[in-house]
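Student: fold the following and give me the result.
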Amino acid sequence: MARLQLEFPDHCFIYTTTLTVRITDINAGNHLANDSMISMISEARARFLFQMGVPELSDDKTGIIVTDLATMYKSEAHARDQLQFDVGVMDFNKYGCDIVFKITRPTDNRLIALAKSGFVFFNYNISKVVPMPGDISKALQEALAHKASASKASTR
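Tutor: Residues are numbered from 1 along each chain as shown. This next block holds a predicted model:
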């Protein structure tokens, strides 16, 4: 069976947060369990969207809905490890985009996992996918542009 391969350009990452692996996140193999990693990815996504001003649910009952999630595990993480979640966006379309994650352990710079989560905007009043609000698209695109210009300036 072909293995999943995820690769993301550094310039797409525009937000960073840190989460701690709890003892309750550990499985029988004595490392971070798959379901706990998915919960941590969801928490990092929620923090990122909050920081970007994307409401959980707008007044007209429009919010995001996750369409898919792919995760590629590279190394184990253990209880009490601090994990850094670099979060970014890419592959914009009319209805949403992908949120991407690079999860590392800063103490040894070890890559723990890469993940990609697709999302679209969904109006819960009418139960339909709707276009991404212009102000949200603009805020995400501006954050990407700012990151790209900062990266170019630092390489000069």
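
Student: contacts for the one helix or strand in the chain whose mean pLDDT sits lowest next, please.
Tutor: Within the chain, judged by mean pLDDT, DSSP states H and E, the helix or strand with the poorest mean is helix 134-154; its value is a mean of 82. Helix 134-154 is touched from outside by 10-15, 52-54, 88-89, 92, 97, with contacts defined as Cβ atoms under 8 Å, 6 or more residues apart in numbering. Where C-beta positions appear, they are placed from N, C-alpha and C, glycine not excepted.

Student: swap in stretch 47-57?
Tutor: Contacts of stretch 47-57 (Cβ under 8 Å, 6+ apart): 15, 17, 46, 63, 64, 87, 99, 124, 136, 139, 140, 143.

Student: whichever of these end up buried, select them in PyMOL.
Tutor: A single PyMOL command selects the buried members of those (16 or more other Cβ atoms under 10 Å):
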select buried, resi 15+17+63+64+87+99+136+140+143
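
Student: what is the nearest of the contacts of stretch 47-57 to residue 116?
Tutor: In terms of Cβ to Cβ, no member of the contacts of stretch 47-57 lies closer to residue 116 than residue 99, at 7.5 Å.

Student: what residues are bridge-paired with that closest one?
Tutor: Listed beta-bridge partners, residue 99: residue 89, residue 117 (assigned using DSSP bridges).

Student: could you report the pLDDT at it?
Tutor: You'll see residue 99 listed with a pLDDT of 97.

Student: quick one: contacts for it?
Tutor: So residue 99 contacts 45, 48, 87, 88, 89, 116, 117, 118, 119 (Cβ under 8 Å, 6+ apart).

Student: let's see 7 Å
Tutor: Contacts for residue 99 were tallied using Cβ atoms under 7 Å, 6 or more residues apart in numbering; they are 45, 48, 87, 89, 117, 119.

Student: which one of those is nearest residue 4?
Tutor: Using Cβ to Cβ, the contacts of residue 99 come closest to residue 4 at residue 117, 13.5 Å.

Student: tell me who's in contact with the closest one.
Tutor: 41, 45, 66, 68, 69, 98, 99.
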